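>>> sequence plus predicted model, see below.
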Amino acid sequence: MDSRRANWTAPRLSTSFINNRFNQRDDRRNSYFVRKAQNNFLNNEPITTEAYDKQLAERFDREVTLQDVNAAMREAITNRNQVLVVYAPEKADFHIPSDAELESYVLEAQARKYPAYQEKKVDTKLIEKLPNKGRIVSQKPAHGTTELTLSNGVKVYFKPTDFNKDQVTLRFFGEGGSSLYPDADIPNIQFLATAIKEGGLGKFDKLALNKYLSDKTVRINANVGAETQSISGQSSVKDVKTLFELAHLYFTDLRRDDQAFSAELNRMRSFLTNREASPKVGYNDSLSAIVYGNSPRTQPVKAATIDKVNYDRVLQIYRERFSNASNFKLIVMGNISLETLRPCSNSTSFAAINGQEGNICRHLPQRAQLHRNAPLDEEDEHTHLKGEHHLHLERTPTPLSPTCSSICSAACFLCLCRLCS
């Protein structure tokens, strides 16, 4: 759409980032000041204080009008400063339009008339009606934290800290993960993150949710790993209630959006079409296949993987992993008091979800072990091998430790080493 003819609607200027930086102005690492000095020296960027940045943002919010923004856009985007970048396969039988054809496509698109964007009203509440409150059964000190036991068995571990004065972190996790499912479900599990990201929560689709959170300092996500499923996030101190409400929705009301999920799969399919063209990809895939015996649980996502994904099954697996909080633990750290935490853990369903515990860690990729088949000369064991020696890999179904799992996700070949056993 041509931005020169379509005016921007009334913006909601978010100052949450500026406010968060201001609140944490005394908690900066040395590297923060090094980067500011570096940018000043290399790029002549002014070194300003957080107080000045906050004052400047508030001034812009007061003085810059919507008419100013639209006028600046019409002046900045013209026919004289447009650049079109085209990516295409380098194949003899693939037709690439000529420069004149490409230019005609751009001019045709700009000449069309498009309806003006209509700003949709965003609800002011994430949850219209909170669930019935649970209760705190017990409270006791535990390893430098305060342990709260909720009425449904959830254990809450709370640690107050002012290391970051405007930050609260949350991790809500339980055992199980993808290890509870057969190999045939791995393609569906690999696309759980896509379903979570594209679907939205409750009555909010992805765009509406982003708009609702635009003036808040909150980050949160749900994940199903090999041995655990978890909801992790962080927020500013003033947005901690929103953080807990989002965690509640991730557990109880993940939204379905067939159109958004299908569009994301199509985008990924086009991206993965030429995946194997890179020799690095082939090398890494070979290492993974050797270490894990070509296990389907460690296979990379390819274009063919997308054809095996079933959206109904993806959502079913998600709901199964997040339908029961009885074996979940909640860890909360940040610059809040226990009195502030109590109503959050009670009223946002952490104490209101029930269920039966399930088995854990039934299906895990086998890990290779390194063995010598020939005896060592004891005298030269640490210097060299004598005689004829050879190595072979033996696979054992030993579950990976959490540390090993996290390392192997980045470099699976490290599992040849048994240090993380």
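The structure has been received and is ready for your questions.
>>> tell me where the stretch 51-200 of the chain has strands.
136-142, 145-150, 155-160, 168-175 (DSSP state E, counting those that start in this stretch).
>>> what packs against the last one?
Helices and strands in packing contact with strand 168-175 are listed as strand 228-235, helix 240-252, strand 328-334; criterion 3 or more C-beta pairs under 8 Å, 6 or more residues apart in numbering; DSSP states H and E. Yep, even glycine has a C-beta here, placed from its N, CA and C like the rest.
>>> just the CA coordinates of the first one, formatted as PDB?
Output for strand 228-235, consisting of C-alpha atoms alone and laid out as PDB, is shown next (Å, rounded to 0.1, in the frame of the first residue of the first chain):
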ATOM      1  CA  THR A 228       9.600 -30.600  30.700                       C
ATOM      2  CA  GLN A 229       6.900 -28.200  29.600                       C
ATOM      3  CA  SER A 230       7.100 -24.600  30.900                       C
ATOM      4  CA  ILE A 231       5.800 -21.100  30.800                       C
ATOM      5  CA  SER A 232       8.500 -18.500  31.300                       C
ATOM      6  CA  GLY A 233       8.400 -14.700  31.300                       C
ATOM      7  CA  GLN A 234       9.500 -11.400  32.900                       C
ATOM      8  CA  SER A 235       7.900  -8.000  33.400                       C
END
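>>> surely residue 344 and residue 247 touch.
No - at 9.3 Å, residue 344 does not count as touching residue 247 under the criterion of C-beta atoms under 8 Å.
>>> report the beta-bridge partners for residue 148.
residue 139, residue 156 (DSSP bridges).
>>> and the closest residue to residue 337 other than its chain neighbours, what are its bridge partners?
Spatial nearest neighbour of residue 337, chain neighbours left out: residue 160 (6.5 Å); criterion: C-beta to C-beta, 6 or more residues apart in numbering. When assigned by DSSP bridges, residue 160 has beta-bridge partners residue 334.
>>> with residue 170 instead?
residue 233, residue 332.
>>> count of residues packed around it?
Residues lying near residue 170 (other C-beta atoms under 10 Å) number 21.
>>> and it, how far from residue 127?
17 Å (C-beta to C-beta, to the nearest Å).
>>> low-confidence ranges in the protein?
Across the chain, the ranges flagged by pLDDT under 70 are 1-16, 345-421.
>>> ranking the strands of the stretch 51-200 of the chain by burial, who's on top?
Counting by mean count of other C-beta atoms under 10 Å, strand 168-175 has the highest mean neighbour count of those, with a mean of 20.
>>> contacts made by it with the rest, please.
220, 227-237, 240, 243-244, 247, 251, 321, 324-325, 327-336, 350, 360-361 (C-beta atoms under 8 Å, 6 or more residues apart in numbering).
>>> show me the helices in the stretch 51-200 of the chain, by range?
Assignment of helices within the stretch 51-200 of the chain using DSSP state H, counting those that start in this stretch yields the ranges 66-76, 99-111, 186-190, 192-199.
>>> adding mean neighbour count, write the ones you listed out as a markdown table.
Below are those laid out as a markdown table (neighbours: other C-beta atoms under 10 Å):
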| stretch | mean neighbour count |
| --- | --- |
| helix 66-76 | 12 |
| helix 99-111 | 11 |
| helix 186-190 | 21 |
| helix 192-199 | 19 |
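>>> figure out which of the ones you listed is closest to residue 32.
helix 192-199 (29.5 Å; C-beta to C-beta).
>>> quick one on the thing from earlier: distance to residue 279 for the helices and strands packed on strand 168-175 - can I get that in CSV?
CSV is the format used below for these (distance: least, C-beta to C-beta, whole Å):
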stretch, distance to residue 279
strand 228-235, 35
helix 240-252, 39
strand 328-334, 42
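>>> with mean neighbour count added, can I get the ones you listed in JSON lines?
Below are those laid out as JSON lines (neighbours: other C-beta under 10 Å):
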{"stretch": "strand 228-235", "mean neighbour count": "21"}
{"stretch": "helix 240-252", "mean neighbour count": "23"}
{"stretch": "strand 328-334", "mean neighbour count": "22"}
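>>> out of those, which is closest to residue 304?
strand 228-235 (26.5 Å).
>>> show residues contacting the closest one.
167-177, 216-223, 242-243, 246-247, 250-251, 321-322, 334, 402.
>>> for residue 78, phi and psi?
The phi and psi torsions at residue 78 (degrees, to the nearest 10) take the values phi -130, psi 170.
>>> quick revisit: can you list the strands of the stretch 51-200 of the chain in a markdown table and add distance to residue 280?
A markdown table is the format used below for the strands of the stretch 51-200 of the chain (distance: least, C-beta to C-beta, whole Å):
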| stretch | distance to residue 280 |
| --- | --- |
| strand 136-142 | 46 |
| strand 145-150 | 43 |
| strand 155-160 | 41 |
| strand 168-175 | 33 |
